[in-house]
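In: Coordinates only, no sequence provided:
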């Protein structure tokens, strides 16, 4: 069996340590910007540590680096697949602690987005502890008024809260909820290249681009109680318009009464950044290297990507997803403005951090 550079810690639902696992195989795990992640591994059916107590649904499970003792991934046990002589254990990241919890009806008046999300989770914990802890909440986000209903499920509601904003969030390997004005950093000196003399992308990437969610002129408005326009804002990308023509879109205005013109302009420009160029997405497979080291990149970071056979494509691209394969030592990285999913069609908005306007 493959000898991993990591081991697994298993906890019960109250996060009390039960056991440590190191005799597993086929370990893969992922990180995704503003979305759920997965962990999968395989145990022999005869393994003495493959017990009901260890692998109970909703138990906590964490990946720990052998050499440093640092926890690199955390989540819950969510599924079992049996295929004699082995069992595959499927896990979801710690944001799943909110997946099966619902809010209670309440109106949150004039909260900024960061403190609103923290207060939503705190209210869940007052009803019954979720295991999620409030971590770092970035200051400076826009204010809004938000109402929850008794039928609103927590995780899907929190995800939708950020659908039309330019903010990021995660629940990390320590079960801490963190809110970011923008997660990650631009790291243009880190580079990935395919088709050149210094290739470090090890298989041909499949690049997809479309205009299904594009808008290079974005309008927003807020109405008063008589449905008259109280405030409005228009943001345009004239460089994009010169290439593609006028493509109009809208984003929803703030629903708080004390929104300012500055607030609305910020939100409108955030919507433009999400949509002003065709959605561009591709996945590459790489090995760890000094050109782009695994231990210094995370989802949200942007690195330089060169795809020479594809019209000499070169851009500073944001990392949306990383999936690590422990056995091969490789990592699949998805870059772009959105992650393409076949079914169901789900609109995902991310910041556009491309360095070059058009290749």
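Out: Structure's in. What do you need? Just so you know, these numbers come straight off a predicted model, no measurement behind them.
In: drop to CA atoms for contacts and neighbour counts, all remaining ones
Out: Noted.
In: low-scoring stretches of the stretch 51-200 of the chain, by residue?
Out: 164 (pLDDT under 70).
In: where exactly do the strands run in it?
Out: Under the criterion DSSP state E, counting those that start in this stretch, strands of the stretch 51-200 of the chain are mapped to 60-65, 71-83, 86-93, 106-112, 133-137, 143-148, 168-171, 176-180, 186-194.
In: and of those strands, who's closest to residue 295?
Out: When these are ranked by proximity to residue 295, the top entry is strand 71-83, at 10.2 Å, counting by Cα to Cα.
In: Tell me what angle the closest one forms with strand 60-65.
Out: 120 degrees (axes from the mean of the first three to the mean of the last three Cα atoms, to 10 degrees).
In: Give me the buried stretch members for stretch 197-209, please.
Out: Neighbour counts over stretch 197-209 (16 or more other Cα atoms under 10 Å) mark 200-201 as buried.
In: now the strands of the stretch 51-200 of the chain as JSON lines including distance to residue 336 and mean neighbour count?
Out: Below are these laid out as JSON lines (distance: least, Cα to Cα, whole Å; neighbours: other Cα atoms under 10 Å):
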{"stretch": "strand 60-65", "distance to residue 336": "27", "mean neighbour count": "23"}
{"stretch": "strand 71-83", "distance to residue 336": "23", "mean neighbour count": "19"}
{"stretch": "strand 86-93", "distance to residue 336": "22", "mean neighbour count": "21"}
{"stretch": "strand 106-112", "distance to residue 336": "28", "mean neighbour count": "15"}
{"stretch": "strand 133-137", "distance to residue 336": "26", "mean neighbour count": "17"}
{"stretch": "strand 143-148", "distance to residue 336": "28", "mean neighbour count": "18"}
{"stretch": "strand 168-171", "distance to residue 336": "15", "mean neighbour count": "23"}
{"stretch": "strand 176-180", "distance to residue 336": "19", "mean neighbour count": "20"}
{"stretch": "strand 186-194", "distance to residue 336": "14", "mean neighbour count": "18"}
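In: Format the ones you listed as a markdown table; extra columns: distance to residue 12.
Out: Listed next are the strands of the stretch 51-200 of the chain as a markdown table, based on distance: least, Cα to Cα, whole Å:
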| stretch | distance to residue 12 |
| --- | --- |
| strand 60-65 | 6 |
| strand 71-83 | 9 |
| strand 86-93 | 14 |
| strand 106-112 | 32 |
| strand 133-137 | 17 |
| strand 143-148 | 30 |
| strand 168-171 | 18 |
| strand 176-180 | 17 |
| strand 186-194 | 38 |
